[in-house]
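>>> structural data only, the sequence is not supplied:
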């Protein structure tokens, strides 16, 4: 409490499903971030324990570092390294090189979760607000409350409690509760398109159509003008070949069917290489509908073969 000035409102960095996040300073001067479990939080004690259990066993430069936790009576807190640049992945101030650096770092962090750590972890809630930037603009994935550990030979799982953030969830997870590494790949693809365009997928609007950002990117791709997706704030200071490759990879990641999406190791190979890439197919969930504006949600829905979009949602 002392580190955060008794949880002063002036120290609040943000608010998530877990509860408020405060900036704190230890006696020796080290800055920290403190996540305090809200008593009416959508993420309860089980998610708190899940985050502590998983992230304490993970160590990677592109994952937020957990320093410790505190459980005392009704108080439950997680103490993390402080990330001064927060979640500015769509900031207009980011130049092309930094955006490419952020995309590469996110991909490496997710690859570590899926393949390179002692555990096989599916994050299940990859989104812009969970990607934090440090002093050097290195991206670090945070918030493992919804993450799940897979067995060595396990490829997918199913849940009746679908929770996450609309706009980033894959079709098979949102509609059927099926999740796998390919669900995270879908979310990563959405993030890449958001970073390249400086726009959010959820709530995206365009005067010429009713598509969301995925649909807009797909429309530009089919009309052979994909580079029009790139954020105008960047100007002409980017490599067109690199931009085209990033858009191609992102569209491959947001394919409707999980088998059509690459795994994260192949994603990195494609992003960093110069080989000829496969042509993407139509993405999933590419038409924007009038939906409740809840951020994190519990979903109950049916798929429409015509629209491929969520037809009913309940706020979480």
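Sure, I can see it. On a predicted model such as this, the values are computed, not experimentally measured, just so you know.
>>> beta partners of residue 140?
residue 132 (DSSP bridges).
>>> low-confidence ranges in the stretch 101-250 of the chain?
Judged against pLDDT under 70, the stretch 101-250 of the chain has no low-scoring part.
>>> strands of that one, residue ranges please.
Secondary structure of the stretch 101-250 of the chain (DSSP state E, counting those that start in this stretch): strands at 120-122, 131-133, 139-141, 148-150, 156-158, 163-165, 178-180.
>>> so in that sheet, which strands flank the first one, and in what orientation?
Which is strand 120-122. strand 148-150 (antiparallel).
>>> still on that earlier bit, closest one to residue 61 among the strands of the stretch 101-250 of the chain?
Proximity to residue 61 (CB to CB) singles out strand 139-141 among the strands of the stretch 101-250 of the chain, at 7.7 Å. All C-beta atoms are positioned from the backbone trio N, CA, C, and that covers glycine.
>>> so what touches that closest one?
With CB atoms under 8 Å, 6 or more residues apart in numbering as the test, strand 139-141 has contacts from 61-65, 83, 89, 101-102, 105-106, 109-110, 113, 123, 126, 130-134.
>>> quick one on the thing from earlier: dump the strands of the stretch 101-250 of the chain into TSV; add distance to residue 210 and mean neighbour count as well.
Shown next, in TSV, are the strands of the stretch 101-250 of the chain (distance: least, CB to CB, whole Å; neighbours: other CB atoms under 10 Å):
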stretch	distance to residue 210	mean neighbour count
strand 120-122	31	22
strand 131-133	28	25
strand 139-141	31	26
strand 148-150	34	16
strand 156-158	31	14
strand 163-165	21	23
strand 178-180	27	22
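>>> and of these, who's closest to residue 285?
Nearest to residue 285 among those is strand 163-165 (12.5 Å), distances taken as CB to CB.
>>> against which helices or strands is that closest one packed?
If you count contacts as 3 or more CB pairs under 8 Å, 6 or more residues apart in numbering; DSSP states H and E, strand 163-165 packs onto strand 296-299.
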